[in-house]
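Asker: this is the structure alone, sequence omitted:
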């Protein structure tokens, strides 16, 4: 198989997005569009991924994509000009170039592999990815002669007959590297938009008796993002794909449309997820746990047979071991909660280590921030903490201890101790009750 280079076009200005950020850096399921496309390229070449982009995207590529190369397209003169900008980046030892778009993240790895096979088996100079649609408006129309492409015409340049064609261009193509870079120099901007379109190479190649072939894919795979509405629609498609994978692995999603998951959410078998729950990036939920309605999880690990919620928030760097119960209006941050421990109501546990079989009563707060730094709370095994307690960190409560309800604990508590720290209750008889009679 011939070696492959990738050129990913990501220099768009995002005018229709009405955003100050490049559209390829907008996220779907907590991951940028560009990350999905980069994965696709890396899976099919270990050596040569090249970006044509803006300054903003170039910085992102440098920070996030190891070994990728990039060049800034200073003047947006069309897709042919964009690919031409990458000529000096592309490895000279690779024979074929695949052109992808940074805002088309749904294209499947299997489709790219099929594209490579199609090009190699047909012995053509190149192959473009096409699709058939009932609504071709806005897409370039593909003109064919049997199995070959004779031309690709942009929407604004089509005549009335050409507008009826429903075979459309995705923009994705594979082409012989030498032919690509020698021929794009011949592409002009004599069209309605005064841009140099890469797909004009198909007409040139056909006239030179070196025609491109074409390969159909599912329309959904080549959906791009040009507006916030399209970004939202694409998020919905990704959500459906990811949720179907979870369901096929034994996860029960009650009312899936109200549940939001991330691209990397990992959920074990026999887990039940109730409606209106949100999973941000970095969540792992192990077998037989239950996440109740209204809960929000991010960057955490939930052990086996845990029960979370309703309306619980589990924040990053939190590990819940097996059989843990986190109840309503409980927030956990950067903490480890030991096996069979329970925090059932209205509590905040931050920067803490909680042992096994610990019960933390309603309204308990770990006061972890002193205005300068976050301090740690350590709670040993089988500790019982009564309701409405404040634990002033840094503090250690050793195993088998009990903290009385309403306590403000400022000192370490020894093993197997009872700690009560609260103001003395004073009850006095009222001297004059007449002034309250009218109330």
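Answerer: Great, that's in hand. The structure presented is a predicted model; accordingly, all values stated were derived computationally and were not measured.
Asker: now do the spatially closest residue to residue 31 that is not a sequence neighbour against residue 30, distance only.
Answerer: Counting by Cβ to Cβ, 6 or more residues apart in numbering, residue 31 lies nearest to residue 263, which is 4.6 Å off, once chain neighbours are set aside. Backbone N, C-alpha and C define where each C-beta goes, glycine included. Distance, residue 263 to residue 30, using Cβ to Cβ, to the nearest Å: 6 Å.
Asker: what is in contact with the two at once?
Answerer: Taking Cβ atoms under 8 Å, 6 or more residues apart in numbering as the contact rule, residue 263 and residue 30 both touch residue 281.
Asker: can you list the domain ranges for this protein.
Answerer: Following automatic domain parsing, one gets these domains for the chain: 4-222, 248-419.
Asker: mean pLDDT added to those domains, as TSV?
Answerer: Shown next, in TSV, are the domains of the chain (pLDDT from 0 to 100):
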stretch	mean pLDDT
domain 4-222	92
domain 248-419	98
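Asker: out of the ones you listed, which is closest to residue 242?
Answerer: Closest of these to residue 242 is domain 248-419, at 5.5 Å (criterion: Cβ to Cβ).
Asker: measure the closest one end to end?
Answerer: 50 Å (Cα to Cα, to the nearest Å).
Asker: run a quick neighbour tally on residue 64.
Answerer: For residue 64, the neighbour count with other Cβ atoms under 10 Å is 12.
Asker: wait, it sits on residue 35?
Answerer: Yes. Residue 64 is within contact range of residue 35, at 7.3 Å (criterion: Cβ atoms under 8 Å).
Asker: quick one: what helix or strand has residue 119 in it?
Answerer: Taking DSSP states H and E as the criterion, residue 119 maps to helix 109-122.
Asker: parallel or antiparallel, which strands does whichever helix or strand comes after that helix pair with?
Answerer: Remark: after helix 109-122, the chain's next helix or strand is strand 126-132, criterion DSSP H and E. As defined by DSSP bridges, the strand partners of strand 126-132 come to strand 167-176 (antiparallel), strand 212-216 (parallel).
Asker: list the buried residues for strand 126-132?
Answerer: 126, 127, 128, 129, 130, 131 (16 or more other Cβ atoms under 10 Å).
Asker: okay, now the closest residue to the first one other than its chain neighbours: neighbour count?
Answerer: For residue 126, the nearest residue in space outside its immediate sequence neighbours is residue 175; the separation is 3.5 Å by Cβ to Cβ, 6+ apart. The tally of other residues near residue 175 (other Cβ under 10 Å) stands at 27.
Asker: can you state the direction angle for the helix holding residue 119 and strand 212-216?
Answerer: Put simply, helix 109-122 runs at 150 degrees to strand 212-216, going by axes from the mean of the first three to the mean of the last three Cα atoms, to 10 degrees.
Asker: list the helices and strands helix 109-122 packs on?
Answerer: strand 96-101, strand 126-132, strand 167-176, strand 212-216 (3 or more Cβ pairs under 8 Å, 6 or more residues apart in numbering; DSSP states H and E).
Asker: residue 11 is nearest to which of those?
Answerer: Ranking these by their distance to residue 11 (criterion: Cβ to Cβ) puts strand 96-101 first, at 10.5 Å.
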